[in-house]
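**Student:** please find the sequence and the predicted model below.
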Amino acid sequence: MTPLHPLSAAAVGTVLGLAALTAPNTTPTRGLEAPACSVACTGGVNDPSVIGASADTEFHLVTAPGRYGLAQPPEGDAYAIIAGQLVRIDRDDGRVLSVLRPAPEVLD
C-alpha cells in the first residue's frame, strides 16, 4: 500500500469545507420559528374541506379512484371532491378525514 501525501488530508478537508459553505439551502433552522401558513397554502379561500368538518356542501363521490391514482379507500371510507380538493371522507357521516390534493376537474 502506498502512503498518502501529507498534504492530501488538508486538500480533502478544504474541498469538503468549500462544498459545505457553497451548498444550497444551508440556512440553519435552530431557533427559527416556522412561518404561519397563509390561506393559499391551506387550500384556498373559504375552503370547506377542513379535516373533521362535515361535507355539508355540494360534493362529488369518487367512484373510480384509479383515475385519480388512488387504490380503493380503507373500509368505511370513501373519496370525494369538495371545493376542488380530493379528500377522504367517512362513508357514514361524511366527515372529512384527510385532504389529499387539489383536483381541479372530475375524472369519473
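**Tutor:** Cool, the structure landed. Being a predicted model, the structure only gives us computed values, none of them experimental.
**Student:** from here on, just use CA atoms for contacts and neighbour counts.
**Tutor:** Fine.
**Student:** quick one: the strands in the chain?
**Tutor:** For the chain, strands defined by DSSP state E occupy the ranges 59-61, 77-82, 85-90, 96-102.
**Student:** for those, which one sits closest to residue 10?
**Tutor:** Minimum separation from residue 10 across the strands of the chain (C-alpha to C-alpha) falls at strand 96-102, 49.5 Å.
**Student:** just checking, what packs against that closest one?
**Tutor:** Counting by 3 or more C-alpha pairs under 8 Å, 6 or more residues apart in numbering; DSSP states H and E, the packing neighbours recorded for strand 96-102 are strand 85-90.
**Student:** where does residue 66 land on pLDDT?
**Tutor:** Per-residue confidence (pLDDT) for residue 66: 91.
**Student:** likewise for the one 5 residues further on?
**Tutor:** At residue 71 the predicted local distance difference test score is 92.
**Student:** burial of it, as a residue count?
**Tutor:** Residue 71: 10 surrounding residues under other C-alpha atoms under 10 Å.
**Student:** for it, what are its contacts?
**Tutor:** Counting by C-alpha atoms under 8 Å, 6 or more residues apart in numbering, residue 71 touches residue 65.
**Student:** I'd like to know how far it sits from residue 64.
**Tutor:** 9 Å (C-alpha to C-alpha, to the nearest Å).
**Student:** and residue 79, by the same measure?
**Tutor:** Distance from residue 79 to residue 64, counting by C-alpha to C-alpha: 9 Å.
**Student:** okay, and for the chain, where does confidence drop off?
**Tutor:** 1-4, 20-57 (pLDDT under 70).
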